[in-house]
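In: Fold the following.
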Amino acid sequence: MTPPEIPTDDAATGAIRELFGAAAVPARITYGYNRECSIDVSEPEFTLAIPYLASRKFVLISLFCVEGFREEARHSVLYVFERKGSILILVRNITNGRATSIATIFPSATWPERECRDGFGIEFDGAFDTRRLFLHEIYPAGFHPLEKSFPDTPITTNDNVSANDEYPFRKVTGEGVYQVPVGPVHAGIIEPGHFRFSVIGETVFNLEIRLFYTHRGIEKLAEGKDPEDCTKIAEAVSGDESVANATGFCMAVERLSGITVPDRAWHLRTILCESERICSHLGDLSGMLTDVAFPLGASQFAVLREEMFRENGKLAGSRFLRGMLCIGGVKRDIPAGALAAFRDFLVQFRKQYKVGLSIVLSTPSVIDRFSQTGIIKKQLLRPLNITGPVARASGGVVDVRVNHPYGIYDRFTPVPHPLRDGDVLARFTVKAAEIMDSLDLILKVIDAIPDGAITSDEPIRDGYALALVESARGQTLCWVRVQDGKIDRYKVRTASYCNWLAIEHAVPGNIIADFPVINKSLNLSYAGTDL
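Out: Residues are numbered from 1 along each chain as shown. Here you go, the predicted model:
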């Protein structure tokens, strides 16, 4: 597998040409397999590049640290920007443990900078938020678990946290203002997360969230592992995104190793990816209807989701489609008879789904509760890197399957259905339409699936590569580095990680009673955010 040829009008290449001169393009750029171009930059060059990229409407989609990436520096911070299907990676080598914050220009850098501070001890000068992120108060000072010097072993925590050491939430004061803390422990079986509402009367005018109560050390766990063994780790990032996260990991390793995945394997992977999307969206539709007390519609989608889970079990031996993907393809084939039966199921499923959807969309009380509730403005999409159905409900058109097609998505390309209202109704409608699209796409893939091998026997090599996939929640990024046949760095950033910040803008102006349906309309993963 060789990197694709980069067109001369590529946005990233053009940016480097304008910033550093035409001579920098062939001399300094390294091109990757995802059409990305990387360039090491000095501090003056970095200072020049950041406002330029912001003015050219590049989006910061990730920022992460790698130790030992360059011989001349202990740490390197990789800044990944995207614009119109073009990806630019600025490599910033850190020699003194300090860097300049870019969060005032690119707000999507806020959490990643705090993450680098917690994980590697890098201080970002000028940062407007220097609070801990995934290291809560019980972790000792000076503890940076992603450093190579830290062994992956149990640590002694501080269980007697004083009031002075507690997390400093934003203070909102004024006449009639009161605080409503919700969580981190909730009723039911949902994961922990804290929501701090500032309210006047019934109206919320500020919301601050705090997550990262479920930190499992996934990126540290991957260090030193055989790449084949890490597919299960990728599947465990978020339970209902098992296929998407495993696909991203496998793609990154396949790209750095030059492994060509057989065509039949990509057809099977696509069927699994779209089946996972359908299950996720059905859960969202059912949950939204439950939160506005419309059990008739909620139960229909819940039943359909359960039927889809059962079909997953028949196809893959797992209701959540785990254990199917491997580096180079898929672990087991799905026989023609099973695919034909699945096709027949989907045809009937589609009819039942359309009936349920028509009932919901013709119910005035549901439309009234959804409409104008939890609006996310389009202006927020680029600064926060909001993606997926949440973004497409607010006028966004970004979809990795379209902008960075992988596998066979260049042949089976979905058509985005953007809406502009940005409310719960728009998010419900977009997800409902995407279920139909995924059903149609699976049927086309089954009809076109070729015979042949389902995995490649090409070896895994050393190197590093980036992969982007479109999960049910949106853009997921995976970066993998292999050294001496072992995982040196596994970085994954799910769509939830970025989209969580959108909820702080969606809730103000609404009442607390609307929070559950707003939250469910985004349906973000706690575990997928906290690795």
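
In: Quick check, Leu296 in contact with Ser362.
Out: No - using CB atoms under 8 Å, Leu296 makes no contact with Ser362, being 11.6 Å away. C-beta coordinates here come from the backbone N, C-alpha and C atoms, glycine included.

In: Compare the two and say which is more crowded by neighbours.
Out: Using other CB atoms under 10 Å as the criterion, Leu296 and Ser362 rank with Leu296 on top: 12 against 9.

In: Identify the spatial nearest neighbour of the more buried one, chain neighbours not counted.
Out: Nearest non-adjacent residue to Leu296, counting by CB to CB, 6 or more residues apart in numbering: Ile359, 6.8 Å away.

In: go on, Ile442?
Out: In space, and not counting its chain neighbours, Ile442 is closest to Glu274: 5.0 Å by CB to CB, 6+ apart.

In: Give me the neighbour count for the one you found.
Out: 25.

In: tell me which element it falls in.
Out: Element membership of Glu274, judged by DSSP states H and E, is helix 263-291.

In: Give the other helices and strands that that helix contacts.
Out: Packing contacts for helix 263-291, counted by 3 or more CB pairs under 8 Å, 6 or more residues apart in numbering; DSSP states H and E, involve helix 242-257, helix 295-316, strand 329-330, helix 336-361, helix 424-448, strand 463-471, helix 515-522.

In: Please identify the deepest-packed of the ones you listed.
Out: helix 242-257 (a mean of 27; mean count of other CB atoms under 10 Å).

In: How far away from the center of its chain is that helix?
Out: Relative to the chain's own centre, helix 242-257 is displaced by 14 Å; criterion: CA atoms, centre = their mean, to the nearest Å.

In: What average pLDDT does it get?
Out: Mean pLDDT, helix 242-257: 97.

In: tell me what that helix is packed against?
Out: Under the contact rule (3+ CB pairs under 8 Å, 6+ apart), helix 242-257 is packed against helix 230-235, helix 263-291, strand 325-326, strand 463-471, strand 474-483, strand 486-493.

In: closest to Leu256 out of these?
Out: Closest to Leu256 of those is strand 463-471 (CB to CB; 3.7 Å).

In: Show me what the closest one packs onto, helices and strands only.
Out: Packing partners of strand 463-471 (3+ CB pairs under 8 Å, 6+ apart): helix 242-257, helix 263-291, helix 400-403, strand 474-483.

In: how big is the angle separating the longest one from helix 295-316?
Out: By that I understand helix 263-291. If you take axes from the mean of the first three to the mean of the last three CA atoms, to 10 degrees, helix 263-291 sits at 160 degrees to helix 295-316.

In: Distance from the chain centre to helix 263-291, please.
Out: Centre-to-centre, helix 263-291 and its host chain are 15 Å apart (CA atoms, centre = their mean).

In: Could you list the low-pLDDT ranges of the stretch 301-450 of the chain?
Out: Residue ranges of the stretch 301-450 of the chain with pLDDT under 70: none are present.

In: low-scoring stretches of the stretch 1-150 of the chain, by residue?
Out: Applying pLDDT under 70 to the stretch 1-150 of the chain picks out residues 1-9, 24-25, 34.

In: Could you pull out the helices in it for me?
Out: With helices called from DSSP state H, counting those that start in this stretch, the stretch 1-150 of the chain shows them at 11-20, 24-28, 43-55, 110-120.

In: Next, the residue in the chain sticking out farthest from the centre: secondary structure please.
Out: Computed with CA atoms, centre = their mean, the residue of the chain farthest from its C-alpha average is Glu175, at 39.5 Å. The three-state label given to Glu175 by DSSP: H, G, I helix; E, B strand; the rest coil is coil.

In: that older thread, quick one, which of the helices and strands packed on strand 463-471 is packed in tightest?
Out: helix 242-257 (a mean of 27).

In: if we look at the helix or strand containing Leu207, which residues are touching it?
Out: Using DSSP H and E, Leu207 maps to strand 203-210. Residues outside strand 203-210 that contact it (CB atoms under 8 Å, 6 or more residues apart in numbering): 167, 169-170, 172, 184, 193-199, 500, 503-504, 507-512, 515.

In: please redo it, this time with the cut-off set to 6 Å
Out: Strand 203-210 has contacts (CB atoms under 6 Å, 6 or more residues apart in numbering) with Phe169, Arg170, Val172, His194, Phe195, Arg196, Phe197, Ser198, Glu504, Val507, Pro508, Asn510.

In: Just the CA atoms of the helix or strand following it, as PDB, please.
Out: In the C-terminal direction, the helix or strand that comes right after strand 203-210 (DSSP H and E) is helix 218-222. Listed next in PDB are the C-alpha coordinates belonging to helix 218-222 (Å, rounded to 0.1, in the frame of the first residue of the first chain):
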ATOM      1  CA  ILE A 218      -6.500   2.300  27.800                       C
ATOM      2  CA  GLU A 219      -3.700   4.200  26.000                       C
ATOM      3  CA  LYS A 220      -1.200   3.100  28.600                       C
ATOM      4  CA  LEU A 221      -2.500  -0.500  28.500                       C
ATOM      5  CA  ALA A 222      -1.800  -0.700  24.800                       C
END
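
In: Pull the residues that contact helix 218-222.
Out: Under the contact criterion CB under 6 Å, 6+ apart, helix 218-222 has outside partners Pro145, Asp152, Cys230, Ile233, Ile487, Tyr490, Leu531.

In: Quick one: which of the residues you listed has the lowest pLDDT value?
Out: When the contacts of helix 218-222 are compared by pLDDT, Asp152 scores lowest at 82.
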